[in-house]
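> how would this look folded up:
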Amino acid sequence: MKVAFYTLGCKVNQYETEAMREAFIKAGHTSVTEDAPFDAVVINSCTVTAESDRKTRQTVRRFRRERPDAIIILTGCMVQAFSSEAQALSEADIVAGNTDVEKSFSYAEEFALDGERIFSVSPHGKKERFNTPTLTDFAERTRAYMKIEDGCERFCTYCIIPTARGFVRSKPVEEIKAEAEKLADAGFSGIVLVGINLTSYGKGEEINLCYAVSAVCSVDGIKRVRLGSLEPDHMSDEMLKRLSEEEKFCPQFHLSLQSGCDETLKRMNRHYDTDFYRDLVLRIRKIFKNAAITTDVMVGFAGETEEEFNKSRSFVEEIGFAKVHIFAYSRRQGTVAYGLPNQVSRREKAERSRLMSETAAKTEERFLEAQVGKICNVLFETAEDGYAEGYTENYSRVRVKSENSFCGNIMPVKIISAEGTYCMGEIVKDGENA
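Below you'll find the model as predicted:
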């Protein structure tokens with residue numbers, strides 16, 4: 001059958017969608033785009049916010065309306081965390097949890113034979129092992145994601161993800177290296193390591209995240225290795241030192257902040273305060289030349305006063321993030337924060353999002369302006385309308401006027417200007433210095 005795939009949510013979900021795609025292909029089916037004729041569609045859901053659930057419901061109903069004869073397979077975090085609500089989506093023919101992503105194709109084959117609706121959601125267990133299959137290909141042609149960790153045991157008061165993802169489990173180092181070799185053979189030059197709580201990689205074993213980075217860096221053909229979102233309190237000096245010794249490692253650290261106010265962080269059950277976070281950023285900037293620090297910030301958390309919000313906003317400006325992902329707090333049933341007093345109004349959340357976005361835009365502008373005059377190595381990924389585009393080691397987006405695409409190549413580029421959310425550069429000629 002012809003099968004389309006639709007992903008909502010994070011890089012881990014994107015990886016798992018690719019794993020399902022490969023499973024269907026290996027079983028003899030054909031992967032097609034969602035705008036092409038298809039016999040089945042796999043919708044990989046997200047549940048990090050109430051808006052994510054709404055988008056999932058909307059997507060399922062849209063596909064049923066537009067493709068009434070197609071088999072609709074709903075899977076992912078929303079199904080796992082809120083199975084009753086997922087089961088109630090009658091438009092979905094198959095509703096399956098995320099404990100075994102490879103089962104989607106067998107469910108589709110079963111439904112095609114007998115037409116009986118399938119509902120299958122198994123709870124995560126403490127003895128569960130990392131079972132996401134390795135990939136040999138990825139949708140992008142220069143950069144691939146590799147899921148190396150699943151699960152989270154932090155239980156932040158606002159977060160439903162521990163319910164959706166279960167306990168921490170890690171991909172073995174030898175499997176990480178083998179997958180990196182396959183991706184390198186397929187033509188990928190950069191790999192981004194991702195997980196639900198990436199810095200918990202190796203928990204319960206005598207390894208940590210550095211072992212995974214080293215395994216990928218050791219593969220010929222892989223030119224760059226980058227990390228996904230990181231929990232600040234798990235980043236030790238020893239880890240930073242080991243990462244700095246890997247030539248292929250990219251100094252871009254997405255350190256999840258959530259709030260720049262200690263009172264708010266305490267209510268969130270985050271495991272650090274602003275002094276710890278500030279000190280970590282200083283240590284990273286001391287060890288890694290021209291490092292980029294990016295982050296997530298939540299506004300309007302339960303009980304967040306105007307004073308607390310202003311503290312958070314000031315801290316964001318102080319740190320000088322290269323980029324900030326801002327989102328409003330979303331109440332999730334099943335979390336501690338759902339029942340906390342003094343919930344912030346939707347209107348106030350929107351206003352705080354606007355104000356925080358203004359601050360984040362200023363810090364991003366300052367960071368990009370600080371790149372001007374530097375010579376950076378740019379890994380080019382795309383080319384369009386007479387411009388080649390790629391990313392520096394610290395993940396700053398750079399455009400170069402050129403008829404050549406340079407795709408997959410790393411070229412020295414002198415940054416000549418900052419233009420909003422990216423930099424303009426010129427290819428450095430032999431012998432030119434900064």
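> so where's this structure shaky on pLDDT?
Low-confidence segments of the chain (pLDDT under 70): 138-142, 431-434.
> could I get the contacting residues of F380?
Applying Cβ atoms under 8 Å, 6 or more residues apart in numbering to F380 gives the contacts 142, 388-390, 400, 405-411. For glycine as for every other residue, the C-beta is placed from the backbone atoms N, C-alpha and C.
> could you do G390 as well?
378-382, 397-398, 406.
> likewise for E365?
418, 420.
> show me how far the helix or strand encompassing it is from its chain's centre.
Element membership for E365, per DSSP states H and E: helix 346-371. Relative to its chain's centre, helix 346-371 lies at 20 Å (Cα atoms, centre = their mean, to the nearest Å).
> what do you get for stretch 337-356?
With Cα atoms, centre = their mean, you get 24 Å for stretch 337-356.
> do the same with stretch 234-245
For stretch 234-245, the distance to the chain centre is 21 Å (Cα atoms, centre = their mean).
> tell me the buried residues in that stretch?
For stretch 234-245, the buried set under the neighbour-count rule, 16 or more other Cβ atoms under 10 Å, comprises 234-235, 239-240, 242-243.
> determine which two of these are furthest apart.
Using Cβ to Cβ, the buried residues of stretch 234-245 span at most 13.7 Å, a distance reached by H234 and R242.
> so what sits opposite Y6 in the bridge?
I43 (DSSP bridges).
> related to what we said a few turns ago, let me know the closest of the contacts of F380 to I73.
Relative to I73, and with distances defined as Cβ to Cβ, the nearest of the contacts of F380 is T142, at 29.4 Å.
> drop anything exposed from the contacts of F380.
Buried members of the contacts of F380, counted by 16+ other Cβ under 10 Å: 142, 388-390, 400, 405-408, 410-411.
> among the residues you listed, which are located in strands?
Using DSSP state E to define strands, the subset of those located there is 388-390, 400, 410-411.
> of those residues, which is the nearest to D69?
E389 (40.3 Å).
> the closest one and E381 touch, don't they?
Yes. Because the distance of 6.5 Å satisfies Cβ atoms under 8 Å, E389 is recorded as touching E381.
> sec struct for F309, please.
With DSSP: H, G, I helix; E, B strand; the rest coil as the basis, the three-state label of F309 is helix.
> ok, the residue nearest to S244 when sequence neighbours are not counted to A184 distance?
Spatial nearest neighbour of S244, chain neighbours left out: I287 (5.1 Å); criterion: Cβ to Cβ, 6 or more residues apart in numbering. Counting by Cβ to Cβ, to the nearest Å, the gap from I287 to A184 is 27 Å.
> these two: who's more crowded?
A184 (18 against 14; other Cβ atoms under 10 Å).
> next up, the contacts around that one.
219-222.
> how about the secondary structure of it?
Recorded secondary structure, A184: helix (three-state DSSP).
> so what's it closest to, chain neighbours aside?
In space, A184 is closest to G221, 3.3 Å off (Cβ to Cβ, 6+ apart).
> the helices in the stretch 201-350 of the chain, which residues?
Remark: helices assigned in the stretch 201-350 of the chain by DSSP state H, counting those that start in this stretch are 209-217, 237-244, 262-268, 274-287, 306-319, 346-371.
> same question for the stretch 1-150 of the chain.
Here the stretch 1-150 of the chain has its helices, by DSSP H, counting those that start in this stretch, at 11-26, 50-66, 77-81, 83-87, 103-114.
> helices or strands next to the longest one in the packing?
Helix 50-66 makes packing contacts with strand 40-45, strand 71-76, helix 77-81 when contacts are defined by 3 or more Cβ pairs under 8 Å, 6 or more residues apart in numbering; DSSP states H and E.
> now mean neighbour count and distance to K266 too, for the ones you listed, in CSV please.
Listed next are the helices and strands packed on helix 50-66 as CSV, based on neighbours: other Cβ atoms under 10 Å; distance: least, Cβ to Cβ, whole Å:
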stretch, mean neighbour count, distance to K266
strand 40-45, 27, 31
strand 71-76, 25, 31
helix 77-81, 27, 25
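> reformat the ones you listed as JSON lines; add distance to I148.
Formatted as JSON lines, the helices and strands packed on helix 50-66 follow (distance: least, Cβ to Cβ, whole Å):
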{"stretch": "strand 40-45", "distance to I148": "19"}
{"stretch": "strand 71-76", "distance to I148": "19"}
{"stretch": "helix 77-81", "distance to I148": "18"}
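> just the buried members of the contacts of A184?
Buried subset of the contacts of A184 (neighbour count, 16+ other Cβ under 10 Å): 219, 222.
> now, the most widely separated pair of the contacts of A184?
D220 and I222 (7.4 Å).
> what about stretch 221-232, start to end distance?
Start-to-end span of stretch 221-232 (Cα to Cα, to the nearest Å) is 30 Å.
> so for it, what gets flagged as buried?
Buried residues in stretch 221-232, counted by 16+ other Cβ under 10 Å: 222-232.
> and which of those residues is nearest to D273?
For these, the closest approach to D273 (Cβ to Cβ) belongs to P232, at 10.0 Å.
> who touches A23 in this structure?
Neighbour list for A23: 101-102, 104-105, 133 [criterion: Cβ under 8 Å, 6+ apart].
> phi and psi next, for the residue nearest to A184.
phi 100, psi -30 (degrees, to the nearest 10).
> can you report how many residues lie near V101?
With other Cβ under 10 Å as criterion, V101 counts 24.
> was I right to think it contacts R21?
No. With contact defined as Cβ under 8 Å, V101 does not reach R21; the gap is 10.2 Å.
> can you check which residues contact both of these two?
With Cβ under 8 Å, 6+ apart applied, the contact sets of V101 and R21 do not overlap.
> among the helices of the stretch 201-350 of the chain, which is nearest L113?
Of all the helices of the stretch 201-350 of the chain, it is helix 209-217 that lies closest to L113, at 40.7 Å by Cβ to Cβ.
> residues making contact with the closest one?
With Cβ under 8 Å, 6+ apart as the criterion, helix 209-217 contacts 146, 148, 171, 173-174, 176-177, 180, 191, 193, 198-199, 201-202, 222, 225, 227, 239, 242-243, 246-249.
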